[in-house]
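K.L.:
Kindly return the folded structure for what I paste below:
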Amino acid sequence: MKSHLRTRAFVLCFLPFAILLTTSFWMMQRFVQTTVREGLLTSLRDSQTVSRHDLQAALAACGTHPECDLHLTRADSISSPVESYGSRFQLQSLGNVDQATRPIQEKLHTLFLELAFASVLIALLCSFGSSASIVNPIATVVSHLRNAVRTGKLGEIDPQPSPIVEIQELAQIYNQAAISVHAAGERLSSAYLQFVGSLANALDARDQYTAGHSRRVSELSCALAVALRLPAEDVERIRIGALLHDIGKIGVSDSVLQKPGRLTDEEFDQVKQHPVIGRRILEGVHGFAEYLPAVELHHENWNGTGYPHGQRETETPIDARIIHVADAYDAMTTDRSYRRGMTHEKALSILVENAGVQFDPDFVAAFLMLPREILTGLSAAVETPDNAERAEPASVI
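P.N.:
Numbers count the residues shown, from 1 in each chain. Below is the predicted model:
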């Protein structure tokens with residue numbers, strides 16, 4: 001994978017340079033031919049006068065060679081035969097090499113500076129293009145991984161076109177991993193919900209009178225939350241919290257929970273510990289933190305007379321206030337070991353009477369607006385005149 005990546009990056013950067021250098025050498029060839037011709041002509045036009053003595057001394061060094069290099073007037077020159085006149089005379093052409101090549105050197109210097117600048121510019125553009133095609137997809141993956149660390153959810157990334165096959169494969173593998181993690185999370189969530197249901201069923205099974213209580217309170221709480229137009233994620237959180245709201249009663253003895261008569265003050269103090277016990281049970285379990293307020297605070301009253309902390313009004317989270325209303329309604333309309341269940345109308349009248357005392361008045365008003373078939377269908381009330389006569393507005397435990 002690394003070798004393929006390097007090969008593509010090398011080709012991507014090398015190809016523009018190859019084209020540039022090939023074109024540059026072709027232009028230099030044409031340029032040198034033209035400049036040399038112009039330089040020699042210029043040197044001939046601008047030839048300086050040389051003394052006879054200096055010229056004889058310089059030509060003497062050439063000996064019998066028809067062409068030779070000379071040093072005249074502090075400059076390098078070249079002598080070449082033009083025409084012979086017998087054996088005694090020969091016409092020689094003298095050209096100043098330094099003067100002829102100076103324009104070439106100056107133009108070549110300018111050309112190479114321009115080529116160097118163009119090469120650096122192309123290298124930068126090529127580097128930016130190469131790095132963007134490699135870095136951008138990787139940066140997207142890193143960003144999603146950081147977001148997964150922050151939120152605990154590994155989301156998929158949108159496929160981005162890339163000329164590098166390995167980058168495309170990286171994005172595909174990441175998305176496959178995200179799908180696998182999501183599927184594993186769904187399975188874990190399903191197992192977790194089954195565990196919650198098992199806990200609620202185990203609690204309700206301890207007492208024939210409370211069988212199904214946690215499920216009914218959860219359904220009533222969800223109906224009230226929907227009526228209050230809470231977001232779907234809040235409704236789901238309230239549903240689970242209501243299923244677990246009485247989990248702390250596991251720590252209360254059966255002799256107290258199933259006592260056929262009224263509880264003594266000491267026994268009631270034991271029952272009042274179940275919200276705190278429930279919190280202690282769940283706070284050590286990963287993933288249950290968002291349900292702790294519903295478990296611990298669903299017996300807090302609007303006027304501050306509830307337990308365990310005596311919170312007032314909106315000091316109590318909305319989850320616990322909703323569950324408090326649903327829990328009271330179901331407790332009043334179902335049979336218990338010490339009394340028969342109340343009628344639907346009687347239970348609603350007690351909710352209204354205690355609105356602003358025990359319960360959030362706005363939530364009671366919304367609860368009263370729920371269709372009767374929803375309330376009575378979820379509640380296990382036996383609505384008979386005898387029930388109404390024997391029922392007493394007892395505190396919900």
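K.L.:
give the contact list for Glu296.
P.N.:
Shown in contact with Glu296 (Cβ atoms under 8 Å, 6 or more residues apart in numbering): 275-276, 278-279, 308, 320. No exception for glycine: its C-beta is placed from N, CA and C like everyone else's.
K.L.:
What does it show for phi and psi?
P.N.:
Backbone torsions for Glu296, taken as degrees, to the nearest 10, come to phi -80, psi -30.
K.L.:
What confidence value was assigned to it?
P.N.:
Listed pLDDT for Glu296 reads 94.
K.L.:
same deal with Val181?
P.N.:
If you check Val181, the pLDDT there is 80.
K.L.:
need the contacts of Glu296 in CSV with neighbour count, distance to Ala242 and pLDDT, can you?
P.N.:
Below are the contacts of Glu296 laid out as CSV (neighbours: other Cβ atoms under 10 Å; distance: Cβ to Cβ, whole Å; pLDDT from 0 to 100):
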residue, neighbour count, distance to Ala242, pLDDT
Pro275, 27, 13, 93
Val276, 16, 18, 92
Gly278, 25, 12, 90
Arg279, 20, 15, 91
Pro308, 15, 18, 92
Ala320, 26, 10, 96
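K.L.:
Adding distance to Phe288 and secondary structure, write the residues you listed out as CSV.
P.N.:
Formatted as CSV, the contacts of Glu296 follow (distance: Cβ to Cβ, whole Å; DSSP: H, G, I helix; E, B strand; the rest coil):
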residue, distance to Phe288, secondary structure
Pro275, 14, helix
Val276, 15, helix
Gly278, 10, helix
Arg279, 10, helix
Pro308, 18, coil
Ala320, 15, helix
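K.L.:
Between which two of those residues is the distance greatest?
P.N.:
Using Cβ to Cβ, those span at most 13.5 Å, a distance reached by Val276 and Ala320.
K.L.:
Distance check, Arg336 against His213.
P.N.:
As judged by Cβ to Cβ, to the nearest Å, Arg336 and His213 stand 10 Å apart.
K.L.:
okay, those two: which has more neighbours?
P.N.:
His213 (21 against 17; other Cβ atoms under 10 Å).
K.L.:
right, and that one touches Thr334 too?
P.N.:
Yes. In this structure, His213 is within contact of Thr334 by Cβ atoms under 8 Å, at 7.0 Å.
K.L.:
Neighbours of the nearest residue to Ala289 once chain neighbours are set aside, how many?
P.N.:
With sequence-adjacent residues excluded and distances taken as Cβ to Cβ, 6 or more residues apart in numbering, Ala289 is closest to Glu283, at 7.3 Å. Residues lying near Glu283 (other Cβ under 10 Å) number 13.
K.L.:
Ramachandran coordinates for Glu283?
P.N.:
phi -70, psi -20.
K.L.:
Surely it and Leu292 touch.
P.N.:
Yes. Under the criterion of Cβ under 8 Å, Glu283 makes contact with Leu292 at 5.9 Å.
K.L.:
Just the pLDDT for Glu233.
P.N.:
93.
K.L.:
Tell me how far it lies from Glu290.
P.N.:
Glu233 is 10 Å from Glu290, by Cβ to Cβ.
K.L.:
and if you look at Gly212?
P.N.:
Distance from Gly212 to Glu290, by Cβ to Cβ: 24 Å.
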